[in-house]
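Chemist: Predicted model and sequence below, questions to follow.
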Amino acid sequence: MRASLIQIAVDPAESPEARRARAASLVAEQRGVADLVVLPELWPVGAFAYESFEAEAEPVTGPTHDAMSRAAREASVWLHAGSVVERAPDGALYNTALVYAPSGDLAATYRKIHRFGFDQGEAVLMAAGEELVTVPVPGLPLGLATCYDLRFPELFRGLVDAGALALVVAAGWPARRREHWTLLARARAVENQAYVLACATAGSHAGVPQAGHSLVVDPWGEVLAEAGDGEETLTVDLDPALVATTRDRFPALKDRVLGLSAPR
Ligand SMILES: O=C(O)CCC(=O)C(=O)O
């Protein structure tokens with residue numbers, strides 16, 4: 001199983017429409033190279049371009065879906081197409097990840113559970129997802145997370161309990177907290193003995209320079225590949241059997257103690 005993470009640059013000088021076309025051609029380049037391709041969070045509009053969320057919101061089957069479904073089919077890959085500003089039928093906005101099978105069929109959607117911004121931005125403009133989502137990619141079931149979710153280990157434990165062997169994090173992570181990004185990606189891999197595929201954006205939008213530094217971490221916590229600051233595609237071989245081997249040889253997951261009571 002080979003995975004490619006496309007760390008696309010998100011800059012205001014490029015329209016969402018132009019970026020969709022460019023992302024589709026970057027995915028197309030992965031035909032015959034990768035089995036799984038991952039894009040970052042909110043790359044059509046920019047994760048911090050809050051003032052554009054309303055105007056650029058789209059239904060799940062909107063323009064990003066059309067471009068990414070076609071790209072997955074043409075490249076014949078599983079495609080985690082990052083996330084879009086979804087306008088739900090009731091009018092609410094969600095930060096929604098879209099995952100396609102190699103046929104181009106929409107295999108899963110994941111609405112970001114932990115919204116970023118405290119009392120502003122995404123946290124007030126968007127509604128929160130409520131469901132954990134796994135995707136049955138043959139041999140390497142995926143568990144889905146988006147950006148700020150990375151700070152909440154219980155979400156990842158839930159995905160592992162649901163059978164995920166690889167944890168995919170699509171992000172638009174600020175450069176200011178790059179060390180948190182790489183540290184937490186490794187921590188999620190070590191504590192869950194799972195692959196972590198963490199794909200961020202490059203560039204700068206709404207005045208927020210992006211961290212880049214997408215990375216792939218193996219179940220032992222080794223960084224298999226890490227991008228730099230700019231636009232870049234990382235391609236990495238994954239061995240799903242390594243998850244079971246790691247868990248067998250160092251069976252820490254079996255030593256979990258659940259339901260601890262609070263101190264009195
Ligand atoms: O947690 C962080 O530092 C960044 C989170 C973030 O930028 C997001 O979720 O959009």
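Modeler: Received it, and whenever you're ready, just let me know what you need.

Chemist: Can you tell me who residue 98 pairs with across the strands?
Modeler: residue 109 (DSSP bridges).

Chemist: I meant residue 37, not that one.
Modeler: residue 4, residue 79.

Chemist: Surely residue 89 is within a helix?
Modeler: No - looking at residue 89 with DSSP: H, G, I helix; E, B strand; the rest coil, it is coil, so not inside a helix.

Chemist: and it, how many neighbours?
Modeler: Neighbour count of residue 89, defined by other CB atoms under 10 Å: 7. Backbone N, C-alpha and C define where each C-beta goes, glycine included.

Chemist: With residue 257 instead?
Modeler: Neighbour tally, residue 257, other CB under 10 Å: 5.

Chemist: Give me the pLDDT for the residue nearest the centre of the chain.
Modeler: The chain has residue 170 as the residue nearest its centroid, 2.1 Å off, counting by CA atoms, centre = their mean. Listed pLDDT for residue 170 reads 98.

Chemist: ditto for residue 142
Modeler: So residue 142 comes in at 98 (pLDDT).

Chemist: Please report phi then psi for the nearest residue to it once chain neighbours are set aside.
Modeler: Leaving aside its sequence neighbours, residue 142 sits nearest to residue 135 (CB to CB, 6 or more residues apart in numbering; 4.4 Å). Phi and psi for residue 135, reported as degrees, to the nearest 10, are phi -130, psi 120.

Chemist: With residue 225 instead?
Modeler: The phi/psi pair for residue 225 (degrees, to the nearest 10) is phi -160, psi 150.

Chemist: How about residue 216?
Modeler: phi -120, psi 130.

Chemist: Same check on the one 3 residues further on?
Modeler: Backbone torsions for residue 219, taken as degrees, to the nearest 10, come to phi -70, psi -10.

Chemist: So what pairs up with the residue nearest to the centre of the chain in the strands?
Modeler: Beta-bridge partners, per DSSP bridges, of residue 170: residue 146, residue 199.

Chemist: Let me see the contact set for it.
Modeler: Applying CB atoms under 8 Å, 6 or more residues apart in numbering to residue 170 gives the contacts 38, 39, 40, 41, 80, 82, 83, 97, 145, 146, 147, 199.

Chemist: Can you name the residues in contact with the lowest-mean-pLDDT helix or strand in the chain?
Modeler: Lowest by mean pLDDT, DSSP states H and E among the helices and strands of the chain is strand 202-205, with a mean of 94. Strand 202-205 has contacts (CB under 8 Å, 6+ apart) with 7-12, 46-49, 210, 212, 227, 229-232.

Chemist: Could you rerun that using 10 Å?
Modeler: 7-14, 40, 42-43, 45-49, 52, 172, 174-175, 209-214, 227-232 (CB atoms under 10 Å, 6 or more residues apart in numbering).

Chemist: what mean pLDDT does the helix or strand following that strand have?
Modeler: Later in the chain than strand 202-205, the nearest helix or strand by DSSP states H and E is strand 208-209. For strand 208-209, mean pLDDT is 96.

Chemist: For strand 208-209, which strands pair with it and how are they oriented?
Modeler: strand 202-205 (antiparallel).

Chemist: Briefly note if the strand it pairs with comes near the ligand.
Modeler: No - applying CB under 6 Å from any ligand atom, one finds strand 202-205 out of contact with the ligand, separated by at least 11.7 Å.

Chemist: gap between stretch 44-59 and the chain center?
Modeler: The chain centre lies 17 Å from the centre of stretch 44-59; the measure is CA atoms, centre = their mean, to the nearest Å.

Chemist: re earlier: quick check: which of the contacts of strand 202-205 are also close to the ligand?
Modeler: 47, 172, 174.

Chemist: how about CSV for those, with neighbour count and secondary structure added?
Modeler: Formatted as CSV, these follow (neighbours: other CB atoms under 10 Å; DSSP: H, G, I helix; E, B strand; the rest coil):
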residue, neighbour count, secondary structure
47, 31, coil
172, 28, coil
174, 19, strand
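
Chemist: hmm, back to that, thought residue 81 was touching the residue nearest to residue 142, still the case?
Modeler: No - Residue 135 is beyond contact range of residue 81, at 12.0 Å (criterion: CB atoms under 10 Å).

Chemist: Great, nothing more from me.
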